[in-house]
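>>> build me a model from this:
(one chain, ligands or ions: 2)
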Amino acid sequence: MFSLFYGLWKYLFSKTEFHVLILGIDKAGKTTLLEKLKSLYSNLEGLPPDRIVPTVGLNIGRIEASDAKLVFWDLGGQIGLRTIWEKYYEEAHAIVYVIDAACPSSFEHSKSALEKVLRHEDLRGAPLLILANKQDLPGSVSVEELARYLDLKELDERLYMFEAVSAYDGMGIKLAIEWLVEVMERSKRTELLRIRTGAAGHA
Ligand SMILES: Nc1nc2c(ncn2[C@@H]2O[C@H](COP(=O)(O)OP(=O)(O)OP(=O)(O)O)[C@@H](O)[C@H]2O)c(=O)[nH]1
Ligand SMILES: [Mg+2]
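Ligands and ions are numbered 1, 2, ... in the order given. Got it, this is the predicted structure:
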């Protein structure tokens, strides 16, 4: 009986922990973004950009933002590492897709990798935040231009937003995270994941 009430209490009052996948092709700036998030939202000082190396495994970052707990999973974007991405899809509440907005020659590649992500059944209904990163660099394109380049057709009813950011100076990041928390809180996918974890917890 106690465990039933405790389960209900936890369900109603504890903060949901949201799992957010940071994806994008190599060198887009995913790990630099993760480190910036740590600096902006926690007492931890994130690694400076010159200490960050290409990701091979998984980097994890935990922050609290807009009264929610967020766990970020940052994966390697090199082509041979992308098969690992899908192992994390099922448990992800949302996707942050990072694009190097200062490198138009990589847009086609970024677009096809993103389309593949969006087609995956395990990510159905997951809100999508597309970040046009490296806005501190001259020549970086705006979100409008990037959206035109990508011309995504697979969005259906998915909640999504484009945001111009810089993982170096932090531009746009807080706005983007605010949006992310808000949509994760009201997305049907969050409800489904909550039911699934609840059911697993009581099995
Ligand atoms: N100017 C500028 N450079 C950036 C920014 N974000 C990342 N970079 C640089 O871009 C390069 C790649 O950054 P990473 O964070 O390692 O990229 P990644 O997406 O994690 O790459 P993989 O781990 O290989 O998938 C590094 O030289 C970073 O310093 C940014 O906002 N502005
Ligand atoms: Mg990385």
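
>>> from here on, just use CA atoms for contacts and neighbour counts.
Will do.

>>> check what pLDDT Leu155 gets.
For Leu155, the pLDDT comes out at 81.

>>> excluding chain neighbours, what is closest to it?
What sits nearest to Leu155 in space, not counting adjacent residues and going by Cα to Cα, 6 or more residues apart in numbering, is Leu118, at 7.6 Å.

>>> now that neighbour: how far from ligand 2?
Remark: distance between Leu118 and ligand 2 (Cα to the ion, to the nearest Å) = 21 Å.

>>> tell me the contacts of that residue?
By Cα atoms under 8 Å, 6 or more residues apart in numbering, the contact set of Leu118 is 124, 154-155.

>>> got the phi and psi for it?
Taking degrees, to the nearest 10, you get phi -70, psi -20 for the backbone angles of Leu118.

>>> same thing with Ile95?
The phi and psi torsions at Ile95 (degrees, to the nearest 10) take the values phi -120, psi 130.

>>> the chain: helices as residue ranges?
All helices of the chain, identified by DSSP state H, fall at 2-13, 30-41, 107-119, 143-150, 173-186, 188-202.

>>> any idea how far the second one is from the chain center?
So the one you mean is helix 30-41. 12 Å (Cα atoms, centre = their mean, to the nearest Å).

>>> list the buried residues for it?
For helix 30-41, the neighbour count (16 or more other Cα atoms under 10 Å) marks 30-40 as buried.

>>> okay then, goodbye and thanks.
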